[in-house]
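Novice: The following comprises the amino acid sequence and a computationally predicted model.
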Amino acid sequence: MTHWYYADAQGQRQGPFSAEELAGHARAERLAAHSLVWRDGLETWQPLAAMASELDVALGTPAMPAESATSPAADAPYAPPTAPLASEQQPVAGGDVVLAGFWRRLAALFIDSMVVGFAYYLVLIVAVVVLGIGGSLLLRNQDSTEGMAAMFGMMALVYLLYPVISAAYYAGFESSGKQATLGKMAVGIKVTDTEGRRLTLGRALLRWLAVFLNYITLYVGYLIAAFTERKQGLHDMVVGTLVVDRWAYTAHPDWQQRGLGTVTKVILAIAGVLYGLMFIAVIAAIVVPMALQS
């Protein structure tokens with residue numbers, strides 16, 4: 001699929017969009033005929049009017065003359081080769097900010113837990129096979145010292161691998177240009193500091209560490225996000241972070257989603273079914289043996 005971008009009124013690149021999405025912005029009059037657009041394959045940014053036939057949109061505003069449409073320099077903030085995505089730009093203050101509520105955050109957490117868990121077991125299985133085979137061969141060859149070292153290494157791997165993968169995943173994604181993990185991207189939210197700025201890697205790592213507070217409070221730290229004024233969990237309050245809609249603190253606060261959205265509802269429904277089945281299985285594992293014994 002071809003990715004399209006456009007330069008907004010502040011000269012910042014927005015996107016990527018599909019051709020249909022960009023055409024939708026043009027039909028909704030968020031873009032003018034002279035707005036600069038770009039896609040893979042174009043050497044320079046072009047006025048929207050020049051690409052109207054390709055996008056299948058009708059424009060009522062005449063295009064700017066070619067000489068008055070300033071071509072971006074190579075190091076311009078919205079130049080094709082170097083422009084960061086919209087979420088990577090400096091925060092735009094003054095607009096409405098939609099805070100991510102408890103249910104959107106829960107849906108994101110469900111996906112992220114699945115991703116981290118899958119990555120953990122995938123790496124663990126490979127590592128256990130390699131270390132297990134190597135340790136067995138060393139023990140068989142009566143090299144007990146190296147064989148035992150391999151076994152202890154495997155035990156350490158079991159305990160340390162998950163937090164390492166989890167820290168790399170959450171801190172890496174939340175300090176990236178997207179400011180969001182895969183789960184947060186799916187439901188359209190991101191993490192910022194209290195001023196809407198992108199987190200540094202160090203601050204994102206501190207946020208991951210602060211999540212431990214939610215576990216020692218028996219998940220109350222997560223639940224308070226449903227009741228605090230700025231929808232902050234305990235870890236957010238400690239580190240000074242917010243979880244907001246992906247379009248918050250951008251040039252397009254009007255694109256923010258206030259409801260749950262279809263994706264969030266589907267994720268929550270799937271999570272409800274899975275955890276419901278797990279609960280039934282646990283109850284059955286307790287009740288069935290007791291019934292058989294009576």
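Specialist: Yes, it's here.

Novice: pLDDT weak spots in the stretch 1-150 of the chain?
Specialist: Along the stretch 1-150 of the chain, segments meeting pLDDT under 70 span 1, 10, 60-90, 94, 131-150.

Novice: ranges for the strands of it?
Specialist: Using DSSP state E, counting those that start in this stretch, the strands found in the stretch 1-150 of the chain span residues 4-7, 13-17, 36-39, 46-47.

Novice: List the neighbouring strands of the last one plus their orientation.
Specialist: Right, strand 46-47. strand 36-39 (antiparallel) (DSSP bridges).

Novice: Just tell me which of the strands of the stretch 1-150 of the chain ends up closest to Leu213.
Specialist: In terms of CB to CB, the element of these nearest to Leu213 is strand 13-17, at 36.5 Å. (Glycine included, C-beta is placed from N, CA and C.)

Novice: Against which helices or strands is the closest one packed?
Specialist: The helices and strands touching strand 13-17, judged by 3 or more CB pairs under 8 Å, 6 or more residues apart in numbering; DSSP states H and E, are strand 4-7.

Novice: Whichever helix or strand Ala284 is part of: which residues count as buried?
Specialist: Using DSSP states H and E, Ala284 falls within helix 261-293. Of all the residues in helix 261-293, those buried under the rule 16 or more other CB atoms under 10 Å are 264, 267-268, 271.

Novice: How far off centre is that helix?
Specialist: 27 Å (CA atoms, centre = their mean, to the nearest Å).

Novice: mean confidence for it?
Specialist: Averaging pLDDT along helix 261-293 yields 91.

Novice: from the buried residues of helix 261-293, which is closest to Val129?
Specialist: Distances from Val129 to the buried residues of helix 261-293, taken by CB to CB, are shortest for Ala271, at 31.0 Å.

Novice: Next up, the contacts around the closest residue to the closest one other than its chain neighbours.
Specialist: Once flanking residues are discounted, Ala271 sits nearest to Phe110: 4.4 Å by CB to CB, 6 or more residues apart in numbering. Phe110 makes contacts with 183, 267-268, 270-271, as judged by CB atoms under 8 Å, 6 or more residues apart in numbering.

Novice: export those residues to a markdown table and tack on distance to Gly172?
Specialist: Output for these, formatted as a markdown table (distance: CB to CB, whole Å):
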| residue | distance to Gly172 |
| --- | --- |
| Gly183 | 14 |
| Ile267 | 22 |
| Leu268 | 26 |
| Ile270 | 25 |
| Ala271 | 24 |
